[in-house]
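Q: quick one, what's the 3D model for this:
(2 chains)
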Amino acid sequence: MELFNENSKLASVILKDYSLLPVINRLGIQLGFGDKTIRNICGENGIDLNFFVETINVFHYEAYFPEKRLLDFPVKIVIDYLVKTHQYYVNYLMPENDRLIELFLSANPEESTENELVRKFYAKFKEEFVIHINFEESVMFPYILELNRVIENLDSSMQFRQKYPDYSISGFEKEHSHLDDKMDDLKNIIIKYLPPNYDQNRGNAFLSNLFLFEKDLKNHSRIEDHILIPKVKQLEMVLQSHE
Amino acid sequence: MNNSPNKSIVLISQSDVILTGLTEILKGSIAGEIIQLHRGDEIIDFPELTGNFLVIANPEELEKSTSLIRQILPVTGSVQFLALVFDSNAATSISLNDSSALICYKVNEILNSFASNQAKDADTELTRREIEVLQLLTKGYSNKEIADHLFVSTHTVISHRKNISEKTGIKSASGLTMYAILKKIIDVSDINPEELI
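A: A predicted model of the protein is given here:
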């Protein structure tokens, strides 16, 4: 598997791996970039070149994880990327899932028990997803950004310690697993256990979108578990050493 | 039900070039996982593995880690070893100079032998006891309540639940309820549709 670098032409990168399209979007790039290299495009758009290159490589090649280099990035850049990823899920992938599953179920003209069950289960899956996003955006990310401000001497560490007496990210370490389990269950139910009288093409379309979502979510979790959390632990140790 | 038991390939090499190359060649040949290790003893990081294993490594590494790997890997399946050598024509090893088709062929020979040994384990049908556990589970019973009801220990219930999830591929309680309805193990009217799922 080849890795991309700053001298790669972005168009060739995308032609090689189209699953990177949403990734470059959320890094701030839109289509129509001609034959420019990644270096030039990042320069023109004020994007951190190293973060761009490492992120697309992490996404492109599962076994690639340059943890040491990734730990050099400011937490703000990482969180900004993660929040944009959430927006992509909420504004595009989830509504697309909604549309495709409805198309799939409604092609079965008789309103059946199966349809009702799949709808209910799907609703549970979405619930789990919303809980995950809300937790990160309203609890975990704010904590990290506040911690970072204290380290940068922008906020007082006194106030921070009052607000978070234990200040430890391990207390927050979240469960991706419920979401992952429900995603797996949904796939297995449709692939293995639904009666075969459904429209196959529409089923495939829904499943393809779900797999896309799964791949993206996996990378999202990898970036959180391998970059963000270790990074935050570093910051916590810095704060502790100031005590 | 024709799910064959899990098969995994464990590749051991210090060299990323070899690990990546062999993974590329073999990934289409196997439904199970391909695990890449730099050293044999790293297998300890994979305690949840089950099924059959084919371990591929150079002869020195195989010699060093054979007994270790046999100890660590669960006894649910069989373990086979294949030596990776620099140059040889032996059928019992693969050579770095072998064509990718030949490597796939040799590996598949071994993987196929697993299937015939293990055909009796391929059954994913739930046992009667597992069905009972599943029925109680879908009614919202806790592990403890299921244990009391069936006069077994909570530990036994947990192990039944684990087997149910392994056989069906479904982990969440709501997913299992759906499975039970689709498979007609329970009737929709048996459960409260609002709480069910």
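Q: those strands in the chain, which residues are they?
A: Just going to use chain A. Per DSSP state E, chain A carries no strands over any range.
Q: wrong one, chain B
A: B:7-12, B:34-37, B:52-57, B:79-85, B:93-95.
Q: ok, stretch A:125-139 near chain B or not?
A: No. Against chain B, stretch A:125-139 shows no contacts by CB under 8 Å from any CB of the partner chain, the least distance being 8.9 Å. Where C-beta positions appear, they are placed from N, C-alpha and C, glycine not excepted.
Q: how does chain A divide into domains?
A: A:10-64, A:69-241 (automatic domain parsing).
Q: same question, chain B
A: What automatic domain parsing lists as the domains of chain B is B:7-122, B:128-196.
Q: average pLDDT for the shortest one?
A: By that I understand domain B:128-196. Averaged across domain B:128-196, the pLDDT comes to 88.
Q: Throw the domains of chain B into JSON lines and include distance to residue A:78, thanks.
A: Output for the domains of chain B, formatted as JSON lines (distance: least, CB to CB, whole Å):
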{"stretch": "domain B:7-122", "distance to residue A:78": "26"}
{"stretch": "domain B:128-196", "distance to residue A:78": "30"}
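Q: so which residues on chain A come close to chain B?
A: Looking at chain B, the residues of chain A close enough under CB under 8 Å from any CB are A:1, A:63, A:113-114, A:116-118, A:120-121, A:124, A:178, A:181-182, A:184-186, A:188-189, A:192-195.
Q: can you tell me how far the closest residue to chain B within chain A is from residue B:177?
A: Going by CB to the nearest CB, chain B is nearest to residue A:185 of chain A, at 3.2 Å. Applying CB to CB, to the nearest Å, the value for residue A:185 to residue B:177 is 10 Å.
Q: neighbour count winner among those two?
A: The neighbour comparison of residue A:185 against residue B:177 (other CB atoms under 10 Å in any protein chain shown) goes to residue B:177, with 28 against 25.
Q: grab the nearest non-local neighbour of the more buried one.
A: residue B:138 (4.4 Å; CB to CB, 6 or more residues apart in numbering or on different chains).
Q: quick one: pLDDT of the closest residue to residue A:119 other than its chain neighbours?
A: Distances taken as CB to CB, 6+ apart put residue A:105 closest to residue A:119, at 6.8 Å, once the chain neighbours are dropped. What the model reports as pLDDT for residue A:105 is 90.
Q: can you get me a residue count around residue A:105?
A: As a burial measure, residue A:105 scores 22 neighbours (other CB under 10 Å).
Q: hang on, the earlier thing: out of the residues of chain A next to chain B, which are buried?
A: With burial judged by 16 or more other CB atoms under 10 Å in any protein chain shown, the buried subset of the residues of chain A next to chain B is A:114, A:117-118, A:120-121, A:124, A:178, A:181-182, A:184-186, A:188-189, A:193-194.
Q: show me these that map onto helices.
A: A:114, A:117-118, A:120-121, A:124, A:178, A:181-182, A:184-186, A:188 (DSSP state H).
Q: determine which two of those are furthest apart.
A: Pairwise distances across those (CB to CB) peak at 23.6 Å, for the pair A:114 and A:178.
Q: against residue B:109, how distant is residue A:35?
A: From residue A:35 to residue B:109 the distance is 48 Å (CB to CB).
Q: identify all contacting residues around stretch B:67-74.
A: B:10, B:40-41, B:43-44, B:47, B:49-50, B:53, B:55, B:79 (CB atoms under 8 Å, 6 or more residues apart in numbering or on different chains).
Q: residue contacts, residue B:22?
A: B:11, B:13, B:56, B:84, B:103.
Q: residue contacts, the closest residue to chain A within chain B?
A: As assessed by CB to the nearest CB, chain A sits closest to residue B:175 within chain B, at 3.2 Å. Residue B:175 makes contact with A:121, A:181-182, A:185-186, A:188-189 under the criterion CB under 8 Å, 6+ apart.
Q: just give me the least confident of these.
A: residue A:181 (85).
Q: touching, that residue and residue B:169? I think so.
A: No. Between residue A:181 and residue B:169 there is no contact under CB atoms under 8 Å: 10.8 Å.
Q: run through the residues of chain B sitting next to chain A.
A: B:20, B:24, B:36, B:168-172, B:174-175, B:178-179, B:181-183, B:188, B:193, B:196-197.
Q: let's see that with 6 Å instead.
A: B:169-172, B:174-175, B:178, B:182, B:188, B:197 (CB under 6 Å from any CB of the partner chain).
Q: same list (those residues) but as TSV, adding distance to residue A:160.
A: Shown next, in TSV, are those (distance: CB to CB, whole Å):
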residue	distance to residue A:160
B:169	45
B:170	44
B:171	39
B:172	37
B:174	40
B:175	41
B:178	46
B:182	51
B:188	52
B:197	41
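Q: separate out the buried members of those residues.
A: Applying 16+ other CB under 10 Å to those, the neighbour count classes B:169-172, B:174-175, B:178, B:182, B:197 as buried.
Q: identify the farthest-apart pair in those residues.
A: Maximum pairwise distance in those, criterion CB to CB, is 17.1 Å, between B:169 and B:197.
Q: what is the neighbour count of the closest residue to residue A:75 other than its chain neighbours?
A: Using CB to CB, 6+ apart and skipping residues adjacent in sequence, the residue nearest residue A:75 is residue A:148, 5.1 Å away. When neighbours are counted by other CB under 10 Å, residue A:148 registers 18.
Q: neighbours of residue B:67, how many?
A: The local packing of residue B:67 (other CB under 10 Å) involves 10 other residues.
Q: ok, it to residue B:79 distance?
A: Taken as CB to CB, the span from residue B:67 to residue B:79 is 11 Å.
Q: biggest helix in chain B by residues?
A: Under DSSP H, chain B gives helix B:100-117 as its longest helix.
Q: chain center to that helix: distance?
A: Centroid separation for helix B:100-117 versus its chain: 17 Å, with CA atoms, centre = their mean, to the nearest Å.
Q: now do the helices in chain B.
A: Going by DSSP H, chain B shows helices at B:16-26, B:59-72, B:100-117, B:128-138, B:143-150, B:154-168, B:173-182, B:193-196.
Q: kindly report the same for chain A.
A: Applying DSSP H to chain A gives helices spanning A:10-16, A:21-26, A:38-45, A:49-60, A:67-70, A:75-88, A:94-106, A:113-135, A:141-151, A:157-163, A:177-188, A:200-223, A:229-241.
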